[in-house]
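**Q** 3D, please:
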Amino acid sequence: MLKTLYAKLLAVLVGLSVIMAIIFLVVIRHSDVARNQEINQNLYRNLAARLIDEQILSERDSADPSAVQKVFDRIRVVNPRIDVYLIDKGGHVVAASVENGLKRSTIDLEPVRRFLDESAKFPILGDDPSDEGRRRVFSVAPVPIADDATGYLYLILRGFSGDTLVQRIKQSYVLRETLWLIGCGLAVALLASVLIITLMTRPLRQLTTIMDKFRRSGFGEQPQQGAARRRDEIGTLTDTFHRMADRIIHQMAALQRTDAMRREFVANISHDLRTPLACLQGYLETLLLKRPELTPEEQRSYLEVALKQTEQLSGLVARLFHLAKLDSGQIAVTPEPFALGDLVQDVAQDFELSAAGRQIELKTSIRPDLPLVLGDIGLIERVLRNLIDNALRYTQRGGTVAISARPAGMHAVVEVSDTGVGIPAEDLPRIFERFYRVEKNRETAAGHSGLGLAIVKRIIELHGSTIAVTSTPGNTVFRFTIAYAPAPLPAAGTSAGDSRVAEAAAVPRRAPAFTYPMADPSA
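**A** Numbers count the residues shown, from 1 in each chain. So this is what the prediction gives:
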């Protein structure tokens, strides 16, 4: 029944209202009784003394119990709501005006002494001899009784404190009006609280509906945002939920892309492994079955083809293993200062014969003011080789492949460009994914696995840098950055002049050194 926060809050509110109403009634009952007791006790404070002076001691010097009884009977007729008792100095009831007998024969005299004190504050409640379990307001006065003993005329004002709350409400107009005003105030407060709770929980109910709809959609549908944003805690909760929903949607999309990539990876690696293996197996079986019929030249040709397929297979496995080691952090990046221009020249020189054989012009452009850079020279060489090989593979005869290195602010920039057919815009975001190849526009050469650019990106990331690609028909440019090496400090004992000469010859400190993510040696 009380499954929602709104219903629980309303139930708590109604419960508190009932409790407050009960408390108000109890307080009103107590205050009304105390007020009436105080008024009546002040009003009848001297009643006992007047009775003694006018009715009991008018003709004799002491109160005779038999004579007092006649006065009691007369008082009972005049005002039956007052009970009169004659008490001795020990608190024992000597005579009483009640007809039904006494419930207690002795009363506590402490309230009597307090009453007789001139500074007493009313109301003061005393024992009621006719009711063992109740205390009432009273009037009392000392009176001499037989044998010169002093007793007390004890009047219980029974009718002024025994009425129930319902009887008092019926009898009192002021009390009825007070209760009516209090009831109206509680009702208004209850309605106002219900309105406030409704307004405060409405955004929560709306958010609950949105979250439930988001859950039923399988966490794949963008939740609808409200028109106005609140600036309180509920607004913060709503904003946090929408951010979380965006994150979940992006992660779900990323998981779907990862799953698609995994399936594509399995398909590609199966194809790339099966093709050389099938070719190798076919040539070896042919060589085994038809060896007596084949000439030495044919046997050598078959073996060369099998060896070439073995080399392709070995290269693919090596690239897979290298990429796996890069991803797992098993390859430690060992940064050291080196001349980037010299490395570019050396790597380009290794591709000159291959480029010339394809009638492709291979050009390099190195700025002479290029400082030393900080990096793992072996891994950076792997990056350059993969990029140049990729550019040569997709450049037609008569085209150009250019490699440039230049300083740019806080780091050096390396660009590898070609004049090939270009990369379609829809394929650019996935060009660095492993096994991804643009089959429709860039013909895949034999033995190309689609792992080269994935290895390049991972190496650049391990160096704390970035790589980007831009492509238009006839111009594709791969661009990555690498940080400068810090300038060496002057050796101890070097003179000021030698220090200035060393600083002039040293590489300018354009960027602070940074720490590369290193592999765990224990891995």
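
**Q** just the helices in the stretch 201-350 of the chain please.
**A** Ranges of helices in the stretch 201-350 of the chain, per DSSP state H, counting those that start in this stretch, are 233-289, 296-328, 340-350.

**Q** out of those helices, which comes closest to residue 361?
**A** If you check each of these against residue 361 by C-beta to C-beta, helix 340-350 wins as the nearest, at 11.6 Å. (Each C-beta comes from the backbone N, C-alpha and C, glycine too.)

**Q** if you compare the helices of the stretch 201-350 of the chain, which one is most tucked away?
**A** helix 340-350 (a mean of 17; mean count of other C-beta atoms under 10 Å).

**Q** Would you mind pulling up the elements that that helix packs against?
**A** Contact here means 3 or more C-beta pairs under 8 Å, 6 or more residues apart in numbering; DSSP states H and E; on that basis helix 340-350 packs against strand 361-366, helix 377-393, strand 400-408, strand 411-418.

**Q** In the last one, which residues are buried?
**A** Across strand 411-418, burial judged by 16 or more other C-beta atoms under 10 Å covers 411-418.

**Q** Which element, helix or strand, includes the residue nearest to residue 120 when sequence neighbours are not counted?
**A** Excluding the flanking residues, the one nearest residue 120 by C-beta to C-beta, 6 or more residues apart in numbering is residue 114, at 5.3 Å. Here residue 114 sits within helix 110-116, counting by DSSP states H and E.

**Q** So which elements touch the next helix-or-strand element following that helix?
**A** Counting by DSSP H and E, the element after helix 110-116 in chain order, helix or strand, is strand 125-128. With contacts taken as 3+ C-beta pairs under 8 Å, 6+ apart, strand 125-128 sits against helix 110-116, strand 131-144, strand 150-157.

**Q** Would you mind listing the buried residues in the shortest one?
**A** Of the residues in helix 110-116, those buried by neighbour count under the rule 16+ other C-beta under 10 Å are 111-112, 115.

**Q** again with the longest one
**A** If you call a residue buried by 16+ other C-beta under 10 Å, then strand 131-144 has these buried ones: 131, 135-141, 143-144.

**Q** would you turn these into TSV with pLDDT?
**A** Shown next, in TSV, are the buried residues of strand 131-144 (pLDDT from 0 to 100):
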residue	pLDDT
131	84
135	88
136	89
137	90
138	90
139	90
140	91
141	89
143	84
144	81
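
**Q** correct me, but residue 73 touches residue 96?
**A** No. Residue 73 is beyond contact range of residue 96, at 11.2 Å (criterion: C-beta atoms under 8 Å).

**Q** Which of these two has more residues huddled nearby?
**A** residue 96 (22 against 13; other C-beta atoms under 10 Å).

**Q** Go ahead and confirm the more buried one touches residue 83.
**A** Yes. Between residue 96 and residue 83 there is a contact at 7.3 Å, judged by C-beta under 8 Å.

**Q** follow-up on the earlier one: tell me which of the helices and strands packed on helix 340-350 lies nearest to residue 462.
**A** Of all these, helix 377-393 comes closest under C-beta to C-beta, at 7.3 Å.

**Q** now the closest one, how far from the centre of its chain.
**A** 46 Å (C-alpha atoms, centre = their mean, to the nearest Å).

**Q** coming back round to it: what sits in contact with each of residue 96 and residue 83?
**A** The contact sets of residue 96 and residue 83 overlap at 129-130 (C-beta atoms under 8 Å, 6 or more residues apart in numbering).

**Q** what's the domain layout of the chain?
**A** Domain assignment for the chain by automatic domain parsing gives 44-171, 233-328, 336-505.

**Q** show me the contacts for residue 407.
**A** Neighbouring residues of residue 407 by C-beta under 8 Å, 6+ apart: 367, 369-371, 413, 484, 510.

**Q** Who is it paired with across the strands?
**A** Beta-bridge partners for residue 407, by DSSP bridges, are residue 412.

**Q** So what's the predicted local confidence for it?
**A** Looking at residue 407, its pLDDT reads 93.

**Q** Residue 175 belongs to a helix, doesn't it?
**A** Yes. Counting by DSSP: H, G, I helix; E, B strand; the rest coil, residue 175 is part of a helix.

**Q** Might one say that residue 371 is in contact with residue 484?
**A** Yes. Counting by C-beta under 8 Å, residue 484 is a contact partner of residue 371 at 5.0 Å.

**Q** Looking at the two, which is more packed in?
**A** residue 484 (24 against 21).

**Q** May I have the phi/psi pair for that one?
**A** Phi and psi for residue 484, reported as degrees, to the nearest 10, are phi -70, psi 160.

**Q** mind checking pLDDT for it?
**A** 92.

**Q** who's it bridged to?
**A** residue 373.

**Q** Might one say that it is in contact with residue 373?
**A** Yes. Judged on C-beta under 8 Å, residue 484 makes contact with residue 373 at a distance of 5.9 Å.

**Q** tell me, what's touching the two both at once?
**A** Common neighbours of residue 484 and residue 373 (C-beta under 8 Å, 6+ apart) are 411-412.

**Q** And for stretch 353-369, what's in contact with it?
**A** So stretch 353-369 is in contact with 341, 344-345, 348, 351-352, 388, 392, 395, 397-407, going by C-beta under 8 Å, 6+ apart.

**Q** Any idea how far apart the tips of that stretch sit?
**A** The separation between the terminal residues of stretch 353-369, taken as C-alpha to C-alpha, to the nearest Å, is 29 Å.

**Q** thinking again about what came up before, how about JSON lines for the helices and strands packed on helix 340-350, with distance to residue 121 added?
**A** Shown next, in JSON lines, are the helices and strands packed on helix 340-350 (distance: least, C-beta to C-beta, whole Å):
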{"stretch": "strand 361-366", "distance to residue 121": "108"}
{"stretch": "helix 377-393", "distance to residue 121": "98"}
{"stretch": "strand 400-408", "distance to residue 121": "96"}
{"stretch": "strand 411-418", "distance to residue 121": "93"}
